[in-house]
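Novice: Have a look at this prediction, sequence included:
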Amino acid sequence: MSELLQFTFSGLTVGAIYALVALGFTLIFNTSQVVNFAQGEFVMLSGMTTVFAAAAGVPLPLAALVAILITVLFGILLYRLAVAPARDASPVTLIIITIGASIMMRGLAARIFDKNFHSFHSPFGDAPIKIGGAAILPQSLLILGGAGIIVFALWLFINRTLTGKSMLATAANPLAARLVGINTSRMIGLSFALSATIGAIGGILATPIALTNYAAGTFLALKGFVAAMLGGMGNPIGAAAGGLLLGLFEQFGAGYVSSQYKDAIAVVVLLLVLFTKPSGLFGKAGIERV
Amino acid sequence: MARRLFASRYSLVGGLALVIVLLGLFLPGNFYLRVAALVYINAIAVIGLNLLMGCAGQVSLGHAGFFAIGAYAVTLGPATLGLPVWLALPAGALVSGLVAFVVGRPILKLRGYYLAVATLGLGLLIWMFFNNQSELTGGPNGMQVPRLVLFGWRAASPSTWYWISGATLILGVWIALNLIDSPSGRAFRAIHDSEIASRVLGIDIARYKLLVFVLSAVYAAIAGSYFSLFDGFVTPDAAGFLRSIEFVVMAVLGGLGSILGSIVGAAFLVALPQALTVFHEYEEIVLGLIMIVFMIFLPGGIVPSLLSLWRWRTA
């Protein structure tokens, strides 16, 4: 029983990080139809910036804030300099652009920081809390709480503010949105900035328990992409649920079946889900017009 | 007239053969022959992928898995089954094609990004197999690959592999070009444009998708076998996600649907890092930047964009 609880805790913690990456994917995909493979680099960049700023003597909250600002700047630059100039290109061309951006950001991180693994100490200590025979780190609770707050805040923003609704309109029908006077280009830029913010917060939350290095982004982008597709592309709630489920599958697989093949179990589950429900768990079936 | 010349497959294959022979005769030294052989080997895999992506419009983010099946076939075949290398190579292509055949039907029902993530998962599964079966494959440390011996003659030098891979590339291009111009090729393009419309026209879309998927898996496996035989060493990275992405980048950068583009894309991505070693620390930054700039200014890929520019100038 305590074992089950332990796997659930660790699964949810890992899953919350995946969920944040998947959420970032979904936001950008909805407004611009771009699958942003540089999403994982946002997480890496903010984690590395926080570590190095903190090591340079900047107080941790300030270091985290600087990290978020820098990551958001990168998100906006990614849109303005790389994605916006190729707006009319095919989806696969846009994917290559984001892969190029991802390689570039890796290179920049390796050059400006270094190639070693880094972490910083959680301000909430490393003493695990015992719940029902299972141990959970305070930082894990912070990750779960943080992810929950982000999802809720995003929901509020999209459904309760005019800007959020404009973004929703841009996602639903860009032409109609432009006709009612919405600056769609600005909304897409905003979605990149928001995705970068979410990724950045994820990076800061995750770094104390999961180490980060210049190449960590690729792996995260991969997991986030799988999570987003598991939930159903374009559905924010699906993305969050997909992330948590992926984390749980991995940890249960590692605990009960084989730690070597934990990723294989997650992949097999993904394939089975797609074979039975080709548009993800929460996705709508698409209609092809001829 | 000029356009006709370009469109003809004879002139394309002939031109390619001429370039390969000339380069083979005049490239100075083993380093350049080595890079050129790597370009050809990658191009073989990319042509297969381009048939799948560019012609039939089906994305695969897991093609390195098939590449690795070929790479390990020439290693494990001789080591565990006692097969001679020359027999292990077609056996690897066969196994790769079979895997594609078995998983192809359910996977190819998926569309767009769902297909992308399913193929990505398939590639990951193959990677995990080679990575975790340490007693068989040596795990992450990799394995020594035996040399190819044909009629008592040992193929090891870069120049030998230059000619082997060059000849295979010409054959691969010839088969691909013929396929594109055949009824099957037209069916692929119809599926690319609209699956529903092609089904209405009586095209068995599941069968044609499976056909091109299996074919592309065979191309990838042959390239993988050559790669590990040439290199003399194989690690699970042959099946890695990054390599799958590399193949896709080569296909898109060169131009989806363009066979010549596949070779240009492979040349670009293999030769560029070699050239960028002068920049050393800035290699990744420059590589990423070049990818972005090329895709912004030549969104259809290098070859199709330049061709249409040239036609527009001469029209």
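Specialist: Nice, thanks for sending it over.

Novice: Please, which helix or strand holds the residue nearest the centre of chain B?
Specialist: Centroid-nearest residue in chain B, with Cα atoms, centre = their mean: residue B:45, separated by 1.3 Å. Here residue B:45, judged by DSSP states H and E, is contained in helix B:29-50.

Novice: what packs against that helix?
Specialist: helix B:9-26, helix B:63-76, helix B:158-180, helix B:205-231, helix B:241-254, helix B:259-276 (3 or more Cβ pairs under 8 Å, 6 or more residues apart in numbering or on different chains; DSSP states H and E). C-beta here means a position set from N, CA and C on the backbone, and glycine is covered the same way.

Novice: buried ones in it?
Specialist: Residues of helix B:29-50 classed as buried: B:32-50 (neighbour count, 16 or more other Cβ atoms under 10 Å in any protein chain shown).

Novice: ok now it, how far from the chain's centre?
Specialist: Distance, stretch centre to chain centre, for helix B:29-50: 9 Å (Cα atoms, centre = their mean, to the nearest Å).

Novice: ditto for stretch B:231-248
Specialist: 11 Å.

Novice: Can you pull the residues of the stretch 151-290 of chain A lying near chain B?
Specialist: A:218, A:222, A:225-226, A:229, A:233, A:260-261, A:263-264, A:267-268, A:270-271, A:274-275, A:278-280, A:286, A:288, A:290 (Cβ under 8 Å from any Cβ of the partner chain).

Novice: Generate a ChimeraX selection restricted to the buried subset of those.
Specialist: Only the buried entries of these go into this ChimeraX selection, using 16+ other Cβ under 10 Å:
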select /A:218,222,225,226,229,233,261,263,264,267,270,271,274,278,279,280
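
Novice: which regions of chain A lie under the pLDDT threshold?
Specialist: A:1, A:284-290 (pLDDT under 70).

Novice: what about the strands in it?
Specialist: For chain A, the strands defined by DSSP state E cover A:129-131, A:134-136.

Novice: Next, the buried residues of the last one.
Specialist: Of all the residues in strand A:134-136, those buried under the rule 16+ other Cβ under 10 Å are A:134, A:136.

Novice: So what are the sheet partners of that strand and their directions?
Specialist: Strand pairing for strand A:134-136, using DSSP bridges, gives strand A:129-131 (antiparallel).

Novice: Return the distance of the strand it pairs with from the chain's centre.
Specialist: With Cα atoms, centre = their mean as the basis, strand A:129-131 stands 28 Å off its chain's centre.

Novice: what does stretch A:273-287 give?
Specialist: Mean C-alpha position of stretch A:273-287 versus that of the full chain (Cα atoms, centre = their mean) differs by 21 Å.

Novice: gap between residue B:127 and chain A?
Specialist: 9 Å (Cβ to the nearest Cβ, to the nearest Å).

Novice: for that residue, helix, strand, or coil?
Specialist: Of the three states, residue B:127 takes helix according to DSSP: H, G, I helix; E, B strand; the rest coil.

Novice: ok, now residue B:154?
Specialist: Going by three-state DSSP: residue B:154 is strand.

Novice: Number of residues surrounding it?
Specialist: Neighbourhood size, residue B:154 [other Cβ atoms under 10 Å in any protein chain shown]: 10.

Novice: Find the nearest non-adjacent residue to it, please.
Specialist: Sequence neighbours aside, residue B:147 is the residue nearest to residue B:154 in space, at 5.3 Å (criterion: Cβ to Cβ, 6 or more residues apart in numbering or on different chains).

Novice: Assess the claim that the one you found and residue B:160 are in contact.
Specialist: No - between residue B:147 and residue B:160 there is no contact under Cβ atoms under 8 Å: 10.2 Å.

Novice: show me the contacts for the closest residue to residue B:285 other than its chain neighbours.
Specialist: Nearest non-adjacent residue to residue B:285, counting by Cβ to Cβ, 6+ apart: residue A:107, 3.7 Å away. Neighbour list for residue A:107: B:282, B:283, B:284, B:285, B:286, B:287, B:288 [criterion: Cβ atoms under 8 Å, 6 or more residues apart in numbering or on different chains].

Novice: Same check on residue A:7?
Specialist: A:248, A:251, A:252, A:254, A:255, A:256.

Novice: For the second one, give me its contacts.
Specialist: In this structure, residue A:251 makes contact with A:7, A:8, A:10, A:11, A:14, A:262, judged by Cβ under 8 Å, 6+ apart.

Novice: possible to save those residues as JSON lines with distance to residue A:173?
Specialist: As requested, the contacts of residue A:251 are exported to JSON lines (distance: Cβ to Cβ, whole Å):
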{"residue": "A:7", "distance to residue A:173": "43"}
{"residue": "A:8", "distance to residue A:173": "41"}
{"residue": "A:10", "distance to residue A:173": "42"}
{"residue": "A:11", "distance to residue A:173": "38"}
{"residue": "A:14", "distance to residue A:173": "36"}
{"residue": "A:262", "distance to residue A:173": "41"}
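
Novice: and the two most separated of those?
Specialist: The most widely separated members of those are A:8 and A:262, with 14.9 Å between them, by Cβ to Cβ.

Novice: circling back to that earlier point, got the angle between the helix holding residue B:45 and helix B:9-26?
Specialist: Relative orientation of helix B:29-50 and helix B:9-26, computed by axes from the mean of the first three to the mean of the last three Cα atoms, to 10 degrees: 160 degrees.

Novice: ok, back up a step: now intersect the contacts of residue A:7 with the helices, please.
Specialist: A:248, A:251, A:252 (DSSP state H).

Novice: tally of neighbours for the last one?
Specialist: Residue A:252 sits with 19 neighbouring residues when counted by other Cβ under 10 Å.

Novice: picking up where we left off before, buried subset of the contacts of residue A:107, written for ChimeraX?
Specialist: To isolate the buried ones among those in ChimeraX, judged by 16+ other Cβ under 10 Å, type:
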select /B:283,284,285,286,287,288
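
Novice: now, which of the contacts of residue A:107 sits nearest residue B:255?
Specialist: Distances from residue B:255 to those, taken by Cβ to Cβ, are shortest for residue B:287, at 18.9 Å.

Novice: who does the helix or strand hosting that closest one touch, helix- and strand-wise?
Specialist: Here residue B:287 sits within helix B:283-297, counting by DSSP H and E. Using 3+ Cβ pairs under 8 Å, 6+ apart as the contact definition, the elements that helix B:283-297 packs against are helix A:91-112, helix B:241-254, helix B:259-276.
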